[in-house]
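[1] Coordinates for the following, if possible.
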Amino acid sequence: MIDMTPNVVLVVTIGVLFTAGVYLLLERSLSRVLIGVILLGNGANLLFLVAGGAAGRPPIVGVEPEGQMSDPLPQAMVLTAIVITLGMTAFLLAMAYRSWQLHRHDEVQDDVEDRRIARLAAIDERATADDDTEEGTETLDDEAATARDETDEGLPADEVRR
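    As a prediction, the model looks like this:
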């Protein structure tokens, strides 16, 4: 029987990598976000390998008994995760470099619209009027009758309802 209990040190390492990665993703500096993505990628890779079970013999049919072979799926998933993390790293590096060229810092600034919505939320006021939920004189049946459907161009209203 193969022992399927994970190594406690690896589980704690995975937890630390995910915690530090999420914390760094919440920062405004693109270089810190980049380090957070790398830590999350490494944590996911370790998680895949730990979840794959104990290491075994090479998965070649006919050479080893089935019970002693390792599962190749977690290894394939780790390779895919490495490629995805590498692509994200390259993209974030390019964004940080471009931000450094333009502004001499890599901090992501607030959007003007975000600031406006935050200001309105602070005074508990809506940013836009919601026509669907506001009280009006027209019922839903009246709105449906007057609504224009572009797919029914040229057909009279009584033919559309059939």
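[2] residues contacting L46?
    10, 13-14, 17 (Cβ atoms under 8 Å, 6 or more residues apart in numbering). No exception for glycine: its C-beta is placed from N, CA and C like everyone else's.
[3] What pLDDT does the model give it?
    On pLDDT, L46 comes in at 93.
[4] M95 contacts S29, correct?
    No - using Cβ atoms under 8 Å, M95 is not in contact with S29, being 11.5 Å away.
[5] hey, where'd the helices end up in the chain?
    8-25, 30-51, 72-103, 112-122, 140-146, 157-160 (DSSP state H).
[6] In this structure, where is pLDDT below threshold?
    1-4, 110, 125-162 (pLDDT under 70).
[7] swap the cut-off to 80 and go again
    Along the chain, segments meeting pLDDT under 80 span 1-5, 53-62, 64-70, 108-115, 117-118, 120, 124-162.
[8] Tell me how far T19 lies from G43.
    Remark: distance between T19 and G43 (Cβ to Cβ, to the nearest Å) = 9 Å.
[9] So which of the two has more stuff around it?
    G43 (20 against 12; other Cβ atoms under 10 Å).
[10] Please name the nearest non-neighbouring residue to the more buried one.
    L17 (3.3 Å; Cβ to Cβ, 6 or more residues apart in numbering).
[11] got the contact list for the closest residue in space to L10 that isn't next to it in sequence?
    Spatially, and ignoring its direct neighbours in sequence, L10 is nearest to V50 (5.2 Å; Cβ to Cβ, 6+ apart). Taking Cβ under 8 Å, 6+ apart as the criterion, V50 is in contact with 6-7, 10-11, 14.
[12] Most neighbours among those residues, which one?
    Going by other Cβ under 10 Å, I14 tops the contacts of V50 with 20 neighbours.
[13] if I read this right, that one contacts G43, doesn't it?
    Yes - at 5.2 Å, I14 counts as touching G43 under the criterion of Cβ under 8 Å.
[14] neighbours around V8, how many?
    8.
[15] Would you quantify the distance from it to I84?
    Applying Cβ to Cβ to V8 and I84 gives a distance of 28 Å.
[16] just G52 next, same as before
    For G52 relative to I84 (Cβ to Cβ), the value is 18 Å.
[17] And for V9?
    26 Å.
[18] Ok, P58 next?
    26 Å.
[19] which one of the two has more residues nearby?
    Legend: neighbour count by other Cβ under 10 Å for P58 and I84, higher for I84 (13 against 10).
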